[in-house]
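>>> sequence first, predicted coordinates after that:
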Amino acid sequence: MAYIYPAPGNANAEVILTLIASANTTSNLSVPSLQDITINNSNDVFTWTQLDESSKLQIATTSTNSLDMNLVLDQTAFFGNASANAVSAAGKGIFGLSKDKTQVQFTLYMGDTDTGAAGKTVGGNAYITGLAPTVSADAPVWVSPITLTVTGDYTIT
């Protein structure tokens with residue numbers, strides 16, 4: 001058995017989220033400072049009853065896919081890098097990609113395995129939603145939730 005585990009500080013086993021603006025692939029954005037991440041795959045189910053059955057019948061339909069995470073804000077990653085191409089993911093930053101409703105391609109490297117084999121990558125196309133930066137005296141750095149609402153299916157490589 002090979003558990004998938006991220007190992008903070010180990011460059012070969014880190015969880016790495018990369019965003020690519022679909023219109024421009026010249027400057028990708030590797031999202032720094034992830035605190036946690038959840039990969040959601042929720043299948044919808046159609047339910048019906050029949051007169052000749054004593055239980056309800058169900059069939060799976062389309063699924064809703066998303067990635068939910070929290071991150072400590074990095075000024076350049078959040079607001080964009082002025083020296084990068086203005087329409088690229090790095091140039092727009094997370095806030096600009098969300099504000100402009102830019103569809104992004106994403107890849108999420110899930111880290112290495114305990115046997116040293118290469119880890120898996122989950123990818124797809126998505127829109128950035130759910131930004132809500134907060135700061136407080138008890139947590140004196142800006143932190144924000146972020147959701148990648150996936151359009152279509154995940155790809156696994």
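Done, it's in.

>>> please count neighbours and contacts with C-alpha atoms only from this point.
Noted.

>>> which stretches of this protein form strands?
16-21, 24-31, 34-48, 57-72, 104-109, 121-129, 143-156 (DSSP state E).

>>> which of these sits closest to Ser83?
strand 24-31 (10.2 Å; C-alpha to C-alpha).

>>> quick one: buried residues of the closest one?
Buried residues in strand 24-31, counted by 16 or more other C-alpha atoms under 10 Å: 25, 27-31.

>>> repeat that for stretch 64-78.
By 16+ other C-alpha under 10 Å, the buried positions in stretch 64-78 come out as 65-74, 76-78.

>>> make JSON lines out of these and add pLDDT.
Shown next, in JSON lines, are the buried residues of stretch 64-78 (pLDDT from 0 to 100):
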{"residue": "Asn65", "pLDDT": "95"}
{"residue": "Ser66", "pLDDT": "96"}
{"residue": "Leu67", "pLDDT": "96"}
{"residue": "Asp68", "pLDDT": "96"}
{"residue": "Met69", "pLDDT": "95"}
{"residue": "Asn70", "pLDDT": "95"}
{"residue": "Leu71", "pLDDT": "93"}
{"residue": "Val72", "pLDDT": "93"}
{"residue": "Leu73", "pLDDT": "94"}
{"residue": "Asp74", "pLDDT": "92"}
{"residue": "Thr76", "pLDDT": "92"}
{"residue": "Ala77", "pLDDT": "92"}
{"residue": "Phe78", "pLDDT": "93"}
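
>>> and the residue positioned nearest the centre of the chain, what is it in contact with?
Most central in the chain under C-alpha atoms, centre = their mean is Leu67, positioned 4.1 Å from the mean C-alpha point. Going by C-alpha atoms under 8 Å, 6 or more residues apart in numbering, Leu67 touches 37-40, 147-150.
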